[in-house]
Every structure is written in C-alpha cells, then in structure tokens.
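Asks: Here is the input, now give the coordinates:
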Amino acid sequence: MRINRLTTATFATALVLAAPVVFAHGDAHKKESSAISTEEHPFGKEGDPKRVTRTVSIDMNDTMRFTPSELQIKQGETVRFVVKNNGKALHEMVLGTMDELKAHGELMKKHPGMEHDEPYMAHVKPGAKEEMIWQFTKPGDFNFGCLAPGHFEAGMIGRIRVVAR
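Replies: As a prediction, the model looks like this:
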C-alpha cells in the first residue's frame, strides 16, 4: 500500500492540532511564561519572584489538614508558599475569601476533572511539592483550602490574617 504526500500531510496536521487537546487532559501545571498577572483580587495579586520577602512551608496530608493552618502576614508582603503533599491523594492549596472558596468548591463537585492554572492555586500530587508566589496587597482575613471534592468539607481549610503596616 502506498501513501501519498497529501495523506501524510493531512495526518500530520491532524496530530499537531489534536496534541493540545490530548495534553490538556493530563496533570494540571503552572504556566511556563514569565509574565506576572496584574489582576487584583480581594486577597492580593500574583507576586514577583524577585520580590519575595518571606517563604512559608505548608504541609498537606490525608487527615485533611494544613500545617500550619493559620498565618499572619504584613500587608504588601510577597510570600513564596512551598506546598508539600505528604498524603496519598491529590491535594491543593487555593487562596481566596471564604465565599469564593465555597463557591469554587461547589463548582468542583459538579466538574471534578476541572483543571486550573491560576497563580493563587497549587495542585500537588502525592509526595510532591509546588510553589506559589503571592503578594498580599490588602489587610483582612482570608483563607486557603483544598477544593478537591470532600476535602474542604472535611476541614481542609486554613486562615491568613493580613495586617496593615
């Protein structure tokens, strides 16, 4: 059987076009670009890695807890979170207000395979570590939680108090 150039070119084009769809269903991952989002949220904005003022290690595990679960941060601080999953299930750390986390958690229940690539989220495979850099621009009480179905409801929630300088 002989395959002509048109058939080969058509097949190659189809593979190239399908590749993003296939790879999009893999593991969630952080964006590779060096551009930092300027989008402001009630709890701050993506931080510049060159301006990190503090590093905070957060451990997650299958007892549905974060350690530490409470943090105090100064307004304006840029924090590098090093998030480690010591469990056997996928866990995540998502920053936000309590209302935002609850709403997003409900959405996750309806679409459990939903992937994210937001600078305020770290999705961590069992035994792995991820980093998230965030600048806390406004004072107030904010939260972080694991929005994997059932984890938030089981108490996988933490609190961040941002104090004015």
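
Asks: now stretch 138-157, how far from the chain's geometric center?
Replies: In terms of Cα atoms, centre = their mean, to the nearest Å, the gap separating the centre of stretch 138-157 from the centre of its chain is 12 Å.

Asks: Just the buried positions in it, please.
Replies: Along stretch 138-157, these residues count as buried under the neighbour rule (16 or more other Cβ atoms under 10 Å): 142, 143, 144, 145, 146, 147, 148, 151, 152, 156, 157. From N, CA and C alone the C-beta is placed, and that goes for glycine too.

Asks: Filter the residues you listed down to just the ones in strands.
Replies: 142, 143, 144, 145, 157 (DSSP state E).

Asks: Could you export these as CSV, including pLDDT?
Replies: Rendered in CSV, the data for those read as follows (pLDDT from 0 to 100):
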residue, pLDDT
142, 97
143, 97
144, 97
145, 96
157, 97
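
Asks: of those, closest to residue 109?
Replies: Using Cβ to Cβ, residue 145 comes nearest to residue 109 of those, at 13.5 Å.

Asks: Next up, the contacts around that closest one.
Replies: By Cβ atoms under 8 Å, 6 or more residues apart in numbering, residue 145 lies in contact with 93, 94, 96, 101, 105, 151, 152, 156, 157, 158.

Asks: Check residue 84 too.
Replies: By Cβ under 8 Å, 6+ apart, residue 84 lies in contact with 57, 58, 59, 60, 124, 128, 129.

Asks: Low-confidence stretches in the protein?
Replies: Under the criterion of pLDDT under 70, the regions of the chain flagged as low confidence span 1-34, 112-116.

Asks: Find the centremost residue of the protein, please.
Replies: Of all residues in the chain, the one closest to the mean position by Cα atoms, centre = their mean is residue 121, 1.8 Å from it.

Asks: distance of residue 140 from residue 131?
Replies: With distances taken as Cβ to Cβ, to the nearest Å, residue 140 is found 24 Å from residue 131.

Asks: one step back: for the residue nearest to the centre of the chain, name its beta-bridge partners.
Replies: Beta-bridge pairing for residue 121 (DSSP bridges): residue 94.

Asks: So it is in contact with residue 100, correct?
Replies: No. If you go by Cβ atoms under 8 Å, residue 121 and residue 100 don't touch, sitting 11.6 Å apart.

Asks: which residues in the chain form helices?
Replies: 5-24, 98-110 (DSSP state H).

Asks: Can you point out the buried residues in the shortest one?
Replies: To tie it back to what came earlier, the one meant is helix 98-110. Buried residues in helix 98-110, counted by 16+ other Cβ under 10 Å: 100, 101, 102, 104, 105, 108.

Asks: so what's the fourth one closest to, chain neighbours aside?
Replies: Once flanking residues are discounted, residue 104 sits nearest to residue 147: 5.6 Å by Cβ to Cβ, 6 or more residues apart in numbering.

Asks: Noted, bye for now.
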